[in-house]
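Asker: turn this into a model:
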Amino acid sequence: MNDQTREAVRQWRAKAQSDWTAVEILMASERCPAEMVCFHCQQFVEKLLKAILTCHGIEAPKTHDLRRLIQLAEPFVPELSRLSDASDTLTIHEVETRYPGDWRQIETSEMNEVVKLSRQFGDILLAKLE
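Answerer: Numbering: from 1, shown residues only. Modelled structure (predicted):
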């Protein structure tokens with residue numbers, strides 16, 4: 001991997017970590033905005049997937065569709081296949097939380113499931129980026 005690619009991967013990882021830090025801070029709040037936690041969970045996974053693609057010389061497409069990103073990353077991270085269907089849950093939270101009219105109340109139980117799923121993705125992807 002050349003220095004330019006290494007730096008791009010580092011930047012994707014740093015941005016992903018920033019999203020995960022936001023998740024941790026928001027969840028620690030008594031007034032935790034569940035929709036924002038879910039948004040940052042999706043962003044965390046998206047950026048890690050784009051780091052994987054970059055690491056393998058594939059230009060990360062400008063998409064928030066995790067299923068699409070997983071399809072591109074799966075040859076390098078076959079473990080992602082078992083989470084592909086679940087990725088739709090995360091993708092929904094990227095879109096629904098951004099615009100008025102699309103927003104709906106996110107229950108704490110749903111938020112917790114999204115966080116759990118994001119951790120599963122993170123465990124797999126971060127191990128591959130070591």
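Asker: drop to CA atoms for contacts and neighbour counts, all remaining ones
Answerer: OK.
Asker: point out where this structure drops to low pLDDT.
Answerer: Counting by pLDDT under 70, the chain contains low-confidence ranges at 95-103.
Asker: mind doing that once more with 50?
Answerer: Applying pLDDT under 50 to the chain picks out no residues at all.
Asker: could you pull out the helices for it?
Answerer: 3-28, 34-55, 66-73, 87-96, 108-129 (DSSP state H).
Asker: determine which of those approaches residue 79 most closely.
Answerer: Of all those, helix 108-129 sits nearest to residue 79, with 7.4 Å by C-alpha to C-alpha.
Asker: can you show me the CA trace of that closest one as PDB?
Answerer: C-alpha atoms of helix 108-129 as PDB (Å, rounded to 0.1, in the frame of the first residue of the first chain):
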ATOM      1  CA  THR A 108     -34.700   2.800  22.800                       C
ATOM      2  CA  SER A 109     -34.900  -0.900  22.000                       C
ATOM      3  CA  GLU A 110     -34.500  -0.200  18.300                       C
ATOM      4  CA  MET A 111     -31.600   2.200  19.000                       C
ATOM      5  CA  ASN A 112     -29.900  -0.500  21.100                       C
ATOM      6  CA  GLU A 113     -30.200  -3.100  18.300                       C
ATOM      7  CA  VAL A 114     -28.700  -0.600  15.800                       C
ATOM      8  CA  VAL A 115     -25.800   0.000  18.200                       C
ATOM      9  CA  LYS A 116     -25.300  -3.700  18.600                       C
ATOM     10  CA  LEU A 117     -25.300  -4.300  14.900                       C
ATOM     11  CA  SER A 118     -22.800  -1.500  14.300                       C
ATOM     12  CA  ARG A 119     -20.500  -3.000  16.900                       C
ATOM     13  CA  GLN A 120     -20.700  -6.300  15.000                       C
ATOM     14  CA  PHE A 121     -19.700  -4.600  11.800                       C
ATOM     15  CA  GLY A 122     -17.000  -2.600  13.600                       C
ATOM     16  CA  ASP A 123     -15.500  -5.700  15.200                       C
ATOM     17  CA  ILE A 124     -15.200  -7.400  11.800                       C
ATOM     18  CA  LEU A 125     -14.000  -4.300   9.800                       C
ATOM     19  CA  LEU A 126     -11.500  -2.900  12.400                       C
ATOM     20  CA  ALA A 127      -9.800  -6.300  12.600                       C
ATOM     21  CA  LYS A 128      -9.300  -6.300   8.900                       C
ATOM     22  CA  LEU A 129      -7.900  -2.700   9.000                       C
END
